[in-house]
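Pasting a predicted model and its sequence here:
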Amino acid sequence: MAYQPIENHGIIGNLRSAALVAMDGSVDWLCLPRFDSPSVFAAILDDKKGGVFRIAPAHPPVRTRQFYWPDTNVLVTEFWSADGTLSITDYMPVSEGPAQLVRTVRAERGSVAFRMECRPAFNYARDQHQTLVVQHGARFRSTSLSLEMAAGLPLHTFDDGVACEAALKEGQSATFIVRIAPENAGDSVAHISGEEATSLLQGTLDYWRAWISRSNYRGRWREMVHRSALVLELLTYEPTGAVVAAPTCSLPEAVGGIRNWDYRYSWIRDSAFTLYGLLRVGLTDEAIRFMGWLEKLCADLEPHESLQTVYGIDGRRDLTEQTLNHLEGYKGSSPVRIGNQAYRQLQLDIYGALLDAVYLFNKYANPISAELWKDLRRLVDWVAANWRTEDSGIWEVRGPKQHFVYSKLMCWVALDRALRLAFQRSFPADRSRWLECRDAIYQSILDEGWNPQRRTFVQGFGGSSLDAGVLAMPLVFFMSPSDPMMLDTLAAINRPRAQGGLVDDHMAYRYAVDQTDDGLTGEEGAFNMCTFWLVEALTRAGRADPSRLQDAGLIFEKMLGRANHLGLYSEETGPRGEALGNFPQAFTHMGLISAAFNLDRALGG
């Protein structure tokens, strides 16, 4: 089986884990029971050994398409041929019970033969397993995990898994459910009736429709904004409120390259930005859940300890990075990594993202508690004492640390939002010290982060290379969007890369890899989040210059066209429009929501 392109996938999930379903009917990625558990299906990382659950017509279809049931995360894959039309409806019911992956195959027109193959590969394809065909289904037993399949058709063993072939007439269907096997399981699997399958589907549809109905977004691009919100909710780990950066690991930033990372963890920055995106469209319950997660993280800190950059979704701190040499990686992109060494890095910008999100939460959702303020006050004191430190920055470079301008900018945001909170809520705080530090950061960015020869803010103090992170300056109200320094910076970044800028075909790159010592080799794609930042910076500058607002609208529409067929985005976009990096990425979808919100408002929404 050849690799399906990253962009040829849809996502389903149950707020605990998520699966990627390809347009060829293959489940190419699923970890159970949680996002960060070892994989059971990982064909996207090794098409031979990774494990797969595939349903497809017995004969090649003429046409294939995917779509979601409106306002839900229930995915439909259709296969059209001369014989008829076959559909597969995929979803994971949202419940507190064991995770279930439900796949219903149905003949919509004519008579269609299909084949089902299910070959799990436990523990990232490291563990052997036993396959047993039992009454009403099958069982897969390994030392680390046991699964069972409830099947609506007779099964037979096939290549360490099970398979079946059948022909369905118009209106006929069959349902297959993969779930964690109960302890002391007998010699049969609980039968799934047609009525039970219908009830499971309806309950899942009702759940997602009720959730998105709470959105108050009524502007342009409503469908794309709501799809992004539904993605962000799928990436939330409901038991704790943590948000994963993406549900996948080691999908490459360049095919064949080494920039392959595990994103199945909760970055403080990404989670805070996600909270911001959901608050923008009125979805406050998720923000409340995240604040509970934050309060727990803060409560577990030692008196003089700072936050980690990234945590496990259960709050664990050790995310030691490992390499899985037995997997070849997506289209041969190795190494395949699990864990993420970024948990050891210092990234000062996380405090600005966090305090900005808390400030907005306090303003638009729910006043924060005195206990949380006590913990935040301690963190802000830490920022005031350490903002001059070199760090690894928002892009998590593995080269030398430096004084990243974006990191200093977000330290300024942390102090600024803390001062606003203290004033608005009359909280106790070392206000004079915070104010002095905030103003010192501001002046240092103007003095050391500005390159007078290039007439632009740059990546690091005293440097000359560009960084798209500085596009956030007007977004966080550090600088007026029409300030001459900001307009010059915007112009410098918005030039083609061949002319020293960071943009090609209206797509923004994070930085020039040949000018930044990030400790890695190879290229990467355009960073989708940065393109949405470019849209926002142009939108805000467009209040004084309508031509920039027109540019923002054009870039935004082009970015909408660069989503996949379901409205999903990965981390990056390659030069041929291909999706690169982990998929789908919370950062990108949050950026879409924010850009759509502000652009719609600027256009009179």
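On my side now, so go ahead. Quantities reported herein were computed from a predicted structural model and do not represent experimental measurements. Numbering: from 1, shown residues only.

now the strands: where do they sit in the stretch 51-200 of the chain?
52-57, 63-68, 75-80, 84-91, 100-119, 129-134, 137-142, 146-151, 156-158, 161-169, 173-180 (DSSP state E, counting those that start in this stretch).

For residue 33, which of those strands is the nearest?
Of all the strands of the stretch 51-200 of the chain, it is strand 173-180 that lies closest to residue 33, at 6.0 Å by CB to CB. (Each C-beta comes from the backbone N, C-alpha and C, glycine too.)

Between the strands of the stretch 51-200 of the chain, which one is closest to residue 563.
strand 63-68 (12.8 Å).

what pairs with that closest one, and is each one parallel or antiparallel?
strand 75-80 (antiparallel) (DSSP bridges).

Give me the contact list for the strand it pairs with.
10-12, 21, 23, 25, 56-57, 61-69, 85-91, 108, 112, 566 (CB atoms under 8 Å, 6 or more residues apart in numbering).

still on that earlier bit, got a markdown table for the strands of the stretch 51-200 of the chain, with distance to residue 30 and mean pLDDT too?
Converted to a markdown table, the strands of the stretch 51-200 of the chain look like this (distance: least, CB to CB, whole Å; pLDDT from 0 to 100):
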| stretch | distance to residue 30 | mean pLDDT |
| --- | --- | --- |
| strand 52-57 | 8 | 96 |
| strand 63-68 | 17 | 97 |
| strand 75-80 | 13 | 97 |
| strand 84-91 | 11 | 97 |
| strand 100-119 | 7 | 97 |
| strand 129-134 | 15 | 95 |
| strand 137-142 | 13 | 95 |
| strand 146-151 | 10 | 95 |
| strand 156-158 | 19 | 94 |
| strand 161-169 | 14 | 97 |
| strand 173-180 | 8 | 96 |
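
Go through the helix or strand of the chain with the lowest mean pLDDT and flag the buried ones.
Sorted by mean pLDDT, DSSP states H and E, the helices and strands of the chain end with helix 284-299, the least confident at a mean of 87. Residues 284, 286-287, 289-291, 293-295, 297-298 are the ones in helix 284-299 that count as buried (16 or more other CB atoms under 10 Å).

May I see those residues organised as JSON lines, with distance to residue 386 added?
What follows is the buried residues of helix 284-299, written out as JSON lines (distance: CB to CB, whole Å):
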{"residue": "284", "distance to residue 386": "32"}
{"residue": "286", "distance to residue 386": "30"}
{"residue": "287", "distance to residue 386": "27"}
{"residue": "289", "distance to residue 386": "29"}
{"residue": "290", "distance to residue 386": "25"}
{"residue": "291", "distance to residue 386": "24"}
{"residue": "293", "distance to residue 386": "24"}
{"residue": "294", "distance to residue 386": "20"}
{"residue": "295", "distance to residue 386": "22"}
{"residue": "297", "distance to residue 386": "18"}
{"residue": "298", "distance to residue 386": "17"}
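
For the least confident helix or strand of the chain, output the C-alpha coordinates as CSV.
C-alpha atoms of helix 284-299 as CSV (Å, rounded to 0.1, in the frame of the first residue of the first chain):
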residue,chain,number,x,y,z
THR,A,284,-16.1,29.6,26.9
ASP,A,285,-16.5,26.1,28.4
GLU,A,286,-13.2,24.9,26.9
ALA,A,287,-11.5,28.0,28.3
ILE,A,288,-12.8,27.2,31.8
ARG,A,289,-11.5,23.6,31.4
PHE,A,290,-8.1,24.8,30.3
MET,A,291,-7.9,27.2,33.3
GLY,A,292,-8.5,24.3,35.6
TRP,A,293,-5.5,22.6,33.8
LEU,A,294,-3.4,25.7,34.3
GLU,A,295,-4.3,26.0,38.0
LYS,A,296,-3.1,22.5,38.6
LEU,A,297,0.2,23.0,36.8
CYS,A,298,0.8,26.2,38.8
ALA,A,299,-0.1,24.6,42.0
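
next helix or strand past that helix?
strand 310-311 (DSSP states H and E).

residues in contact with the residue sitting furthest away from the middle of the chain?
The C-alpha centroid of the chain is most remote from residue 187, which lies 39.8 Å away (CA atoms, centre = their mean). Residue 187 makes contact with 134-135 under the criterion CB under 8 Å, 6+ apart.

again, only this time at 6 Å
Residue 187 makes contacts with residue 134, as judged by CB atoms under 6 Å, 6 or more residues apart in numbering.

Next one: it from residue 163, what distance?
When distance is defined by CB to CB, to the nearest Å, residue 187 is 20 Å away from residue 163.

swap in residue 492?
Taking CB to CB, one finds residue 492 at 58 Å from residue 163.

next one: residue 111
In terms of CB to CB, residue 111 sits 20 Å off from residue 163.

neighbour count winner among the two?
residue 163 (16 against 13; other CB atoms under 10 Å).

low-scoring stretches of the protein, by residue?
Counting by pLDDT under 70, the chain contains low-confidence ranges at 1, 185, 605.

For residue 33, grab the count of nearby residues.
Using other CB under 10 Å, the number of residues around residue 33 comes to 14.

Name the nearest residue to it, ignoring sequence neighbours.
Spatially, and ignoring its direct neighbours in sequence, residue 33 is nearest to residue 99 (5.2 Å; CB to CB, 6 or more residues apart in numbering).

now the strands for the stretch 451-600 of the chain?
Under DSSP E, counting those that start in this stretch, the stretch 451-600 of the chain gives strands at 456-457, 503-504, 507-508, 526-527, 572-573, 579-580.

same thing with the stretch 251-400 of the chain?
Using DSSP E, counting those that start in this stretch, strands in the stretch 251-400 of the chain cover 266-267, 310-311, 322-323, 337-338.

Domain map for the chain?
6-185, 219-602 (automatic domain parsing).

got the ones you listed as TSV, with distance to residue 207 columns?
TSV is the format used below for those (distance: least, CB to CB, whole Å):
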stretch	distance to residue 207
domain 6-185	5
domain 219-602	10
